[in-house]
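Novice: Quick one: sequence plus predicted model below, questions after.
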Amino acid sequence: MSGTAHPASASMRVEVPVIDHATDPVHAAEPPADPAALAAGWLPGPDEDRMLMTLSTVSPEGVPHARTVMLSDFDGVRFSFHTDASSRKIADLAVNPRVALTILWPGFTRQLVVEGLATRASDTAAAGAYARRSPYLRQLAWMNTDEVAGRPLAEREEGWARFAAEHPDPEPPAGWVGFTVAPERWLFWVSHPGAPSRRIEYTPSGAGWSARPLPG
């Protein structure tokens, strides 16, 4: 999967958040009105390390599929991810664009689940996301194929080294595509070592969002 990150090569060193439970918005008597603003306060900024998330889709046969991809960006409105157009997740999206995104913070301290519709991003946006990836991930977008996966390790290592030497600054492959997800439901969860944890669910209500607490 081209969107899957390699732990030794991508910038993903997100620190364990320090949570003041007395002031944390998820545990507050009155949750924030804007879930997007709450998410923006949790997620890395444009120049900070990226995070991984679980992308869940449903196959044409109704079988759930889940895989780990990199969260390319959250622009305050939509979440984006990028991958290979020939991957199974893209085939799923062609039939059913509804997805769930699950982001878990280090130390099992926070979790954000977003449900919504995935729509194709522009080629310009996809190219920009590709350029921001680590050298490992840019090369992985070219070589993470069924054909390469079936080769013995020595051949994969040799092919990897040869590609890196021949293509020090590769352009995006033809199948590199991006999708954005507009949230229709948000679930924020924060751990609490001294009390039952809980979630805050946001669902559309008029021009805004309605919030309610749920068991953790």
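Specialist: Looks like it came in fine.
Novice: hey, let's count contacts and neighbours off CA atoms from now on
Specialist: Noted.
Novice: mind listing the helices in this protein by residue range?
Specialist: 35-42, 88-95, 123-131, 135-143, 146-149, 153-166 (DSSP state H).
Novice: Mind checking those helices for the one nearest to residue 110?
Specialist: Nearest to residue 110, of all these, is helix 35-42, at 8.8 Å by C-alpha to C-alpha.
Novice: Show the average pLDDT along the closest one.
Specialist: Confidence for helix 35-42, expressed as mean pLDDT, is 96.
Novice: Centre of the chain to stretch 148-164, how far?
Specialist: Its chain's average C-alpha position is 27 Å from that of stretch 148-164, according to C-alpha atoms, centre = their mean, to the nearest Å.
Novice: quick one: residue 149 from residue 155, how far?
Specialist: 10 Å (C-alpha to C-alpha, to the nearest Å).
Novice: on that earlier part again, would you mind finding the most buried of the helices of the chain?
Specialist: helix 135-143 (a mean of 19; mean count of other C-alpha atoms under 10 Å).
Novice: Which residues are in contact with the most centrally placed residue in the chain?
Specialist: Nearest to the centroid of the C-alpha atoms of the chain, with distances taken as C-alpha atoms, centre = their mean, sits residue 71, at 3.1 Å. By C-alpha atoms under 8 Å, 6 or more residues apart in numbering, the contact list for residue 71 reads 50-53, 79-81.
Novice: now do 6 Å
Specialist: Residues near residue 71 by C-alpha atoms under 6 Å, 6 or more residues apart in numbering: 51-52, 81.
Novice: Most neighbours of all those, which one?
Specialist: Counting neighbours by other C-alpha atoms under 10 Å, residue 81 leads the contacts of residue 71 with 24 neighbours.
Novice: Point out the one among the helices of the chain that comes closest to residue 108.
Specialist: Closest approach to residue 108 among those (C-alpha to C-alpha): helix 35-42, 13.8 Å.
Novice: Can you get me the centre-to-centre distance for the closest one and its chain?
Specialist: Taking mean C-alpha positions (C-alpha atoms, centre = their mean), helix 35-42 and its chain are 15 Å apart.
Novice: Also stretch 53-63?
Specialist: Computed by C-alpha atoms, centre = their mean, the separation of stretch 53-63 from the middle of its chain amounts to 14 Å.
Novice: Quick one: end-to-end length of that stretch, please.
Specialist: OK, stretch 53-63 end separation, C-alpha to C-alpha: 20 Å.
Novice: Okay, and the beta partners of the nearest residue in space to residue 100 that is not next to it in sequence?
Specialist: Closest residue in space to residue 100, ignoring its immediate chain neighbours: residue 115 at 4.4 Å, by C-alpha to C-alpha, 6 or more residues apart in numbering. Beta-bridge partners for residue 115, by DSSP bridges, are residue 100, residue 185.
Novice: where along this protein do the strands fall?
Specialist: Taking DSSP state E as the test, the strands found in the chain are 51-58, 64-71, 73-74, 79-84, 98-104, 110-120, 176-190, 198-205, 208-215.
Novice: export those strands to TSV and tack on distance to residue 30 and mean pLDDT?
Specialist: TSV is the format used below for those (distance: least, C-alpha to C-alpha, whole Å; pLDDT from 0 to 100):
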stretch	distance to residue 30	mean pLDDT
strand 51-58	28	96
strand 64-71	29	94
strand 73-74	25	94
strand 79-84	26	93
strand 98-104	23	97
strand 110-120	18	97
strand 176-190	14	96
strand 198-205	10	95
strand 208-215	9	94
